[in-house]
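Asks: Structure, please.
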Amino acid sequence: MTFSIAPMMKWTDQHCRYFHRILTKKAILFTEMISVDAILYGPQHKLLSSNYFDNSTVIQVGGNDPKKLGKVAKIVEKYGYTEINLNIGCPSNRVKSGNFGACLMASPQIVSDCVKSIKNNSNLKVSIKCRIGIDDMSSLDLDRFVSITSTAGVKKFIIHARKAILGGLSPKQNREIPPLDYQRVEKLKKENNDLIIILNGGIVSLEAGIKHTRDLNLDGFMMGREAYKNPYILSFADKLIYGDSNGENISRRTVAFKVADYIDQFLFDNNDHLITRHILGLYNNMYCSREWRNNILDKSSFKLKGDKLRFATDKIEKMISLRPVSYTHLTLPTKRIV
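Replies: Numbers count the residues shown, from 1 in each chain. This next block holds a predicted model:
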């Protein structure tokens, strides 16, 4: 069983991935989706060099031109990536207007040609992240899509267990309104047991992901927004999923101090927000979570760089240590015990 953290635009940037890697050594991390044109014509080194911190990161790209993807494959391989993931699941209008993302599920031959081009120009593994379908696509269309693209060389599919409704629903609505259909993913795996099938969509805890993966006889699961909003759950992943005896969860304080060291080493003055914005949820589900966020966002602090975060962390930890222990949750005896 494998565990992945989903690629999320404007969220899973290099700073976020560094933070997540502190929490889990085993989870598979993904870049944000990067368009092929951005790689070919944009600030290439800035986009790709972050793999220096973790050469196991999977790069997710969006595109539909086999020739361009062949060129991109050569480039990203030189930066140390070993796997490229094709985004065939994003339902946004911006992505749709570029004719990639979820709309490509209706064009499996184009995707197949893209896969072949990547394979012909590199030694990269190719995976696909997609939906169970789009709009009025039938169940058979998913089978056809997987059959054609797997024949081209794709052995791993990450399936978001919802359809994407490309006409009328926003990306947010497409994550919530179309019903989850885990059984469709289960059926796909039964019919393609030689393929690696990863479940995505609607998973709100590690325990739920593990249960779904086992019950449906899948190969792993991917978690997105819940992992971002409540990142401390990632500290339990290595032990719960991989059975790593060394994967004991580390304290929030230790995590925050490691982030502070990162700020001191890699970020310039006044740029600490590039990573601190990703750690706002570190104390989520604790009574001090609001104070934590306020301290992190406080621009009036006289502390500089990593020291600001260390100061904020110790302040919160002191609040936690001084909080009286409540026993109101205990059931008290109504009769004297002799």
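
Asks: all strands for the stretch 1-150 of the chain, in order.
Replies: Secondary structure of the stretch 1-150 of the chain (DSSP state E, counting those that start in this stretch): strands at 2-5, 30-35, 58-62, 83-88, 125-134.

Asks: Just the angle for the last one relative to strand 30-35, thanks.
Replies: If you take axes from the mean of the first three to the mean of the last three CA atoms, to 10 degrees, strand 125-134 sits at 80 degrees to strand 30-35.

Asks: Could you list the buried residues of strand 125-134?
Replies: If you call a residue buried by 16 or more other CB atoms under 10 Å, then strand 125-134 has these buried ones: 125, 126, 127, 128, 129, 130, 131, 132, 133, 134. Just so you know, the C-beta spots here come from the backbone N, C-alpha and C atoms, and that holds for glycine as well.

Asks: tell me the contacts of residue 105?
Replies: 88, 130, 131, 133, 134, 137, 141, 142, 145, 164 (CB atoms under 8 Å, 6 or more residues apart in numbering).

Asks: and the spatially closest residue to the first one that is not a sequence neighbour, how far is that from residue 197?
Replies: Okay, so that is residue 88. Leaving aside its sequence neighbours, residue 88 sits nearest to residue 130 (CB to CB, 6 or more residues apart in numbering; 4.1 Å). For residue 130, the distance to residue 197 (CB to CB, to the nearest Å) stands at 11 Å.

Asks: what residues are shared contacts of the two?
Replies: In terms of CB under 8 Å, 6+ apart, residue 130 and residue 197 are both contacted by the residues 157, 159.

Asks: top helix in this structure by residue count?
Replies: Using DSSP state H, we find that the single longest helix of the chain is helix 305-322.

Asks: distance between it and the chain's centre?
Replies: Relative to its chain's centre, helix 305-322 lies at 28 Å (CA atoms, centre = their mean, to the nearest Å).

Asks: what's it packed up against?
Replies: helix 252-266, helix 289-297 (3 or more CB pairs under 8 Å, 6 or more residues apart in numbering; DSSP states H and E).

Asks: what angle do the longest one and helix 289-297 make?
Replies: Spelled out, that is helix 252-266. Interaxial angle of helix 252-266 relative to helix 289-297 (the same axes, to 10 degrees): 10 degrees.

Asks: State the next helix or strand along the chain beyond helix 252-266.
Replies: Sequence-wise, the next helix or strand downstream of helix 252-266 (DSSP states H and E) is helix 273-276.

Asks: Buried residues, that next one. List them.
Replies: 274, 275, 276.

Asks: Check the average confidence over that helix, would you?
Replies: Summarised as a single mean, pLDDT over helix 273-276 is 92.

Asks: packing partners for it?
Replies: Counting contacts by 3+ CB pairs under 8 Å, 6+ apart, helix 273-276 packs against helix 14-23, helix 252-266.

Asks: who touches the shortest one?
Replies: The contact list for helix 14-23 (CB under 8 Å, 6+ apart) reads 5, 12, 27, 29, 31, 50, 53-54, 57, 227-228, 231-232, 234-235, 237, 250, 255, 258-259, 262, 274-275, 278-279.

Asks: Low-confidence regions, the stretch 151-300 of the chain specifically.
Replies: 247, 269 (pLDDT under 70).

Asks: follow-up on the earlier one: can you tell me who the residue nearest to residue 88 pairs with across the strands?
Replies: When bridges are called by DSSP bridges, residue 130 pairs up with residue 88, residue 159.

Asks: One more: the one 4 residues further on?
Replies: Beta-bridge partners of residue 134, counted by DSSP bridges, are residue 164.

Asks: ok, it to residue 30 distance?
Replies: 22 Å.

Asks: And residue 10, by the same measure?
Replies: Plainly put, residue 10 is 14 Å away from residue 30 if you go by CB to CB.

Asks: More neighbours: which of those two?
Replies: Each of residue 10 and residue 30 has its neighbours counted (other CB atoms under 10 Å); residue 30 has more, 23 against 8.

Asks: Where do the strands of the stretch 151-300 of the chain begin and end?
Replies: Using DSSP E, counting those that start in this stretch, strands in the stretch 151-300 of the chain cover 156-164, 196-200, 220-223.

Asks: if we take the buried residues of helix 273-276, which one ends up nearest to residue 35?
Replies: residue 274 (21.5 Å; CB to CB).

Asks: The nearest residue in space to that closest one that is not next to it in sequence - how many residues pack around it?
Replies: In this structure, residue 274 finds its nearest non-sequential neighbour in residue 15, 5.0 Å apart by CB to CB, 6+ apart. Close neighbours of residue 15, defined as other CB under 10 Å, add up to 24.
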